[in-house]
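Chemist: give me a model of this one.
(one chain, ligands or ions: 1)
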Amino acid sequence: MKILVTGGLGYIGSHTVVELQAAGLEVVIVDNLSNSHIEVLNKIEKISGIRPSFSKLDLADRDSCSNFFKGEKAISGIIHFAAYKAVGESVKEPLKYYHNNLDSLINVLENMKTYHIPNLVFSSSCTVYGQPDKLPVTEQAPRKPALSPYGNTKQMAEDIIRDTVYASAIKSIALRYFNPVGAHYSALIGELPLGVPNNLLPFITQTASGIREQLSVFGSDYNTPDGTAIRDYIHVVDLAKAHVVAVKRMLNDKSKSNYEIFNIGTGNGYSVLEVIKSFEKVSKLKLNYKIVGRREGDIEKVWADTSFANKELGWKAQKTLDEMTLSAWRFQQQLSKNMK
Ligand code: UD1
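Modeler: Okay, the predicted model is just below:
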């Protein structure tokens, strides 16, 4: 069975490729390298012993996308990661986000119809829930108006897929990720943010390794036990495995409906200070941080109700917060070593 992974050299994509290969599936990667590195292909090969086929391709370009599909036969399923994901940038450059994230999806769906490719796993986000009224948040919770063009592209993409599935033979599973963190245990692949990281874990590890001077903790006056915001952090390898299970569910015709949505988190919420404590424990370092004001657009707390994914997919996140922070730290140490 051949699986196409779009954005397969990116952070979540590369971990998913490794897990697909471990499950015995053949992988074809397309990636435009806009936020990823070609060396990741070698790293994947080093981990799995198998070099996936790779095409550098901009899926948002209709002709290039069609040409690729014309030449690539017998794809059984697609896992579509390829998208921009920087929330702040999306506010400044909304058209770049709408064009890239939506045109690429539409082009992929059009080619799925043309070439009768039946199965699509889509990478969605818990960002579609905004600040939920009830926690843990279930898949039935209403989606709240998006706080950014990035968040809006995830909501719109879900709707585009739902409507296309309804009107075609395509089946899809949307996975709503909570906060993916950590790295592969080999420390060969992990999160490689370009420039100053926006997300918490890369900022912590870069501060600890001296690339950044100090971590700012955004807000300590939230209505949470220690006043800092709470998220459901999930190890990227657990998340990658959820994609394998989801694609197999469709390949084996086990879906209960043609469009399914699953929360992919651990079901546990941790505050920013708890993440810092975990990092300090596993790294045996003292992190330089200070508490500052809230970051605009941040919600107070969110964590997943994962019971639907646990029951239906037979999948459950395994890794602890300490394993997440330790693997992120090992990856950063490896990166720093390579820079010397
Ligand atoms: C963000 C995106 C989300 C995306 C996710 C993973 C928003 C609103 N959401 O989630 O759509 O799926 O990244 O890419 O941006 N924090 C600090 N100091 C820092 C960085 C973060 O205190 O330097 C805090 C934040 O305030 C937040 C928590 O750490 O409470 C997690 O932040 P982050 O890693 O950026 O993820 P989200 O904002 O939850």
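
Chemist: ranges for the strands of the stretch 151-300 of the chain?
Modeler: Under the criterion DSSP state E, counting those that start in this stretch, strands of the stretch 151-300 of the chain are mapped to 171-177, 179-181, 215-218, 230-231, 233-235, 259-264, 270-271, 289-292.

Chemist: out of these, deepest packed?
Modeler: strand 233-235 (a mean of 26; mean count of other C-beta atoms under 10 Å). (Each C-beta comes from the backbone N, C-alpha and C, glycine too.)

Chemist: how about low-confidence regions in the stretch 1-150 of the chain?
Modeler: Scanning the stretch 1-150 of the chain for pLDDT under 70 picks out no residues.

Chemist: quick one, helices of it?
Modeler: For the stretch 1-150 of the chain, the helices defined by DSSP state H, counting those that start in this stretch cover 11-22, 39-48, 62-71, 87-92, 94-97, 104-114, 149-166.

Chemist: JSON lines for the ones you listed, including mean neighbour count?
Modeler: Shown next, in JSON lines, are the helices of the stretch 1-150 of the chain (neighbours: other C-beta atoms under 10 Å):
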{"stretch": "helix 11-22", "mean neighbour count": "25"}
{"stretch": "helix 39-48", "mean neighbour count": "18"}
{"stretch": "helix 62-71", "mean neighbour count": "15"}
{"stretch": "helix 87-92", "mean neighbour count": "16"}
{"stretch": "helix 94-97", "mean neighbour count": "15"}
{"stretch": "helix 104-114", "mean neighbour count": "20"}
{"stretch": "helix 149-166", "mean neighbour count": "19"}
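
Chemist: tabulate these (CSV), appending distance to residue 333.
Modeler: Formatted as CSV, those follow (distance: least, C-beta to C-beta, whole Å):
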stretch, distance to residue 333
helix 11-22, 18
helix 39-48, 16
helix 62-71, 37
helix 87-92, 27
helix 94-97, 33
helix 104-114, 34
helix 149-166, 30
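
Chemist: out of the ones you listed, nearest to the ligand?
Modeler: helix 87-92 (3.7 Å; C-beta to the nearest ligand atom).

Chemist: out of the helices of the stretch 1-150 of the chain, which gets nearest to residue 130?
Modeler: Set against residue 130 and scored by C-beta to C-beta, the helices of the stretch 1-150 of the chain come closest in helix 149-166, at 8.1 Å.

Chemist: re earlier: quick one: the helices of the stretch 1-150 of the chain as a markdown table, columns for distance to the ligand too.
Modeler: Output for the helices of the stretch 1-150 of the chain, formatted as a markdown table (distance: least, C-beta to the nearest ligand atom, whole Å):
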| stretch | distance to the ligand |
| --- | --- |
| helix 11-22 | 9 |
| helix 39-48 | 18 |
| helix 62-71 | 25 |
| helix 87-92 | 4 |
| helix 94-97 | 12 |
| helix 104-114 | 17 |
| helix 149-166 | 6 |
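
Chemist: closest to residue 289 out of the ones you listed?
Modeler: Per C-beta to C-beta, nearest to residue 289 of the helices of the stretch 1-150 of the chain: helix 87-92, 20.4 Å.

Chemist: same for that closest one, what does it pack against?
Modeler: Packing contacts for helix 87-92, counted by 3 or more C-beta pairs under 8 Å, 6 or more residues apart in numbering; DSSP states H and E, involve helix 94-97, helix 149-166.

Chemist: enumerate the residues of the chain near the ligand.
Modeler: 85, 87, 125, 127, 147, 179, 198-200, 203, 215-218, 229, 231, 272, 295, 297-298 (C-beta under 6 Å from any ligand atom).

Chemist: hmm, try it at 5 Å
Modeler: Proximity of the chain to the ligand, by C-beta under 5 Å from any ligand atom, involves residues 87, 125, 127, 199-200, 203, 217-218, 229, 231, 272, 295, 298.

Chemist: which one of those residues is nearest to residue 49?
Modeler: For these, the nearest to residue 49 is residue 199 (30.8 Å; C-beta to C-beta).

Chemist: can you list phi and psi of the closest one for me?
Modeler: Main-chain torsions, residue 199, degrees, to the nearest 10: phi -90, psi 160.

Chemist: could you redo the strands of the stretch 151-300 of the chain as a markdown table and give each row mean pLDDT?
Modeler: Shown next, in a markdown table, are those (pLDDT from 0 to 100):
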| stretch | mean pLDDT |
| --- | --- |
| strand 171-177 | 98 |
| strand 179-181 | 98 |
| strand 215-218 | 98 |
| strand 230-231 | 98 |
| strand 233-235 | 98 |
| strand 259-264 | 98 |
| strand 270-271 | 98 |
| strand 289-292 | 98 |
